[in-house]
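Asker: Provide a 3D model corresponding to the input given below.
(one chain, ligands or ions: 2)
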Amino acid sequence: MQDKILVIGSAGQIGTELVMRLRDMYGASNVVATDIRDAAPEVMESGPFELLDIMNQEALNDLVAREKITQIYLLAALLSATAEKNIELGWGLNMRSLSHVLDAARFGPVKKVYWPSSIAVFGPTTPRENTPQRTIMEPNTVYGISKLAGERWCEYYHDKFGVDVRSIRYPGLIGWKAAPGGGTTDYAVHIFHEAIKEGKYTSFLDEGTRLPMMYMPDAIDATVQLMEAPADQVKIRSSYNVAGFSFAPEDIGAEVRNLVPGFELNYEPDYRQAIADSWPSSIDDSDARSDWGWNHKFDLKDMSQDMFKNLKTKYQK
Ligand code: NAD
Ligand code: SER
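Answerer: Numbering: from 1, shown residues only. Ligands and ions are numbered 1, 2, ... in the order given. Down below sits the predicted model:
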């Protein structure tokens, strides 16, 4: 039977790109994109799009039944910085959305669920370099706490109810197609926009703040690769570490300066610095590599060149 896929949170940074990839893979009419707001024209015009508030469990169940949905990608969430500003909504949205989707698979016709976790599941007591898959996890942000709780629920639903749920702990994601949604790593996207528009950027993270990052095409590849893997290769049902590359603001600043001569980088750390300081600098993703063949393609230089080229073209249009 042809899979019918529901993407929740399709207007966001990841959804904008993931929907297009899934439509290429499964056929446009088989990927129903949803969000509480309009998505990019590309997403809304290339296949079915509906407004859906994932807090409304009945609306989700109705849509799943009406469209005969067999797979759900849940991308709706408040990210780290936004959640820290509104902890009730951060916790409420991040947890209830997941429980509604897991129950759609436990009690309904949904066969497979994708839900992203984050490097935010780690905390200040976690080993910072080459952070292992299994280690101390004491996150101190509402976002990190919600992601860690979510991981435990995913594993529980898999083990107790047989739900085929799959997850990746994304690092900070960098892409040019959609704006980032309020994370601590967003500076690494803003820097390109401001370099092209103004020739300078003031980073809200300080010099020396080295974090794990990934270019969006790699993140989309990892996501579909994990979802396509045979179930017996998916040995971790909480969430997989995946890594691309790590850098600090001055490292990406140097790459940007190669592309925009004279580019000026300044630092004005704000409340997001404390969040970044609680996260790892680099990630050990050997389980993802050995279990389902994960391999990243882009390094810092490749990513910077590709970002710059695409954004420059976008701004010239
Ligand atoms: P985003 O903020 O760009 O997009 C989230 C989308 O969810 C938005 O379009 C928003 O309108 C929608 N949404 C919010 N409330 C909703 C509701 N009640 N019902 C339906 N939709 C709602 O986020 P993103 O960067 O695309 O992230 C997607 C997922 O990936 C999240 O779970 C996030 O935690 C995770 N993640 C992202 C990154 C990253 O760097 N982007 C890193 C780690 C994990
Ligand atoms: N990029 C995300 C954030 O900063 C990590 O989960 O919130």
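Asker: Please make it C-alpha for all contacts and neighbour counts, starting now.
Answerer: Will do.
Asker: so the residue nearest to Thr126 when sequence neighbours are not counted, which of the three states?
Answerer: Spatial nearest neighbour of Thr126, chain neighbours left out: Ile136 (5.1 Å); criterion: CA to CA, 6 or more residues apart in numbering. With DSSP: H, G, I helix; E, B strand; the rest coil as the basis, Ile136 sits in coil.
Asker: What distance do you get for Ile136 to Pro280?
Answerer: Separation of Ile136 from Pro280 (CA to CA, to the nearest Å) stands at 12 Å.
Asker: Who has more neighbours out of the two?
Answerer: Applying other CA atoms under 10 Å to Ile136 and Pro280 shows that Pro280 carries more neighbours, namely 25 against 15.
Asker: Does Asp306 lie in a helix or a strand, and which?
Answerer: helix 300-316 (DSSP states H and E).
Asker: name the helices or strands packed onto that helix?
Answerer: Using 3 or more CA pairs under 8 Å, 6 or more residues apart in numbering; DSSP states H and E as the contact test, the elements touching helix 300-316 are helix 187-198, strand 245-247, helix 249-259.
Asker: Tell me the residues of the stretch 101-250 of the chain that contact ligand 2?
Answerer: Ser118, Ile119, Ala120, Pro171, Gly172, Leu173, Gly183, Thr184, Thr185 (CA under 6 Å from any ligand atom).
Asker: What separation do you get for the closest residue to the first one other than its chain neighbours and Arg210?
Answerer: The spatial neighbour of Ser118 that comes closest, neighbours along the chain excluded (CA to CA, 6+ apart), is Arg169 at 3.9 Å. Distance of Arg169 to Arg210, given as CA to CA: 17 Å.
Asker: between those two, who's got more neighbours?
Answerer: The neighbour comparison of Arg169 against Arg210 (other CA under 10 Å) goes to Arg169, with 23 against 20.
Asker: quick one on the thing from earlier: which residues are common contacts for Ile136 and Pro280?
Answerer: Phe122, Thr126, Pro127 (CA atoms under 8 Å, 6 or more residues apart in numbering).
Asker: Can you convert the residues you listed into CSV and add a column each for pLDDT, secondary structure and distance to ligand 1?
Answerer: Below are those laid out as CSV (pLDDT from 0 to 100; DSSP: H, G, I helix; E, B strand; the rest coil; distance: CA to the nearest ligand atom, whole Å):
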residue, pLDDT, secondary structure, distance to ligand 1
Phe122, 98, coil, 12
Thr126, 98, coil, 17
Pro127, 98, coil, 19
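Asker: Using PyMOL, define a selection of the buried residues within these.
Answerer: The following PyMOL line selects those of the shared contacts of Ile136 and Pro280 that are buried, judged by 16 or more other CA atoms under 10 Å:
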select buried, resi 122+126+127
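Asker: would a markdown table of the shared contacts of Ile136 and Pro280 with distance to Val19 be doable?
Answerer: Listed next are the shared contacts of Ile136 and Pro280 as a markdown table, based on distance: CA to CA, whole Å:
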| residue | distance to Val19 |
| --- | --- |
| Phe122 | 28 |
| Thr126 | 34 |
| Pro127 | 35 |
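Asker: got any ranges where the stretch 1-150 of the chain has weak pLDDT?
Answerer: Across the stretch 1-150 of the chain, nothing is flagged by pLDDT under 70.
Asker: 80 instead, please
Answerer: 1 (pLDDT under 80).
Asker: Taking it, what residue is nearest to ligand 2?
Answerer: Ser80 (3.8 Å; CA to the nearest ligand atom).
Asker: In contact with Val242, which residues?
Answerer: Counted by CA under 8 Å, 6+ apart, Val242 has contacts Ile168, Arg169, Tyr170, Pro171, Ile283, Asp284, Asp285, Ala288, Trp294.
Asker: that older thread, rebuild the helices and strands packed on helix 300-316 as a markdown table, extending it with mean pLDDT and mean neighbour count.
Answerer: Listed next are the helices and strands packed on helix 300-316 as a markdown table, based on pLDDT from 0 to 100; neighbours: other CA atoms under 10 Å:
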| stretch | mean pLDDT | mean neighbour count |
| --- | --- | --- |
| helix 187-198 | 98 | 18 |
| strand 245-247 | 98 | 19 |
| helix 249-259 | 98 | 19 |
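Asker: In CSV, list the residues of the stretch 101-250 of the chain next to ligand 2 along with secondary structure and neighbour count.
Answerer: Shown next, in CSV, are these (DSSP: H, G, I helix; E, B strand; the rest coil; neighbours: other CA atoms under 10 Å):
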residue, secondary structure, neighbour count
Ser118, strand, 23
Ile119, helix, 27
Ala120, helix, 30
Pro171, coil, 27
Gly172, strand, 27
Leu173, strand, 22
Gly183, coil, 20
Thr184, coil, 23
Thr185, coil, 23
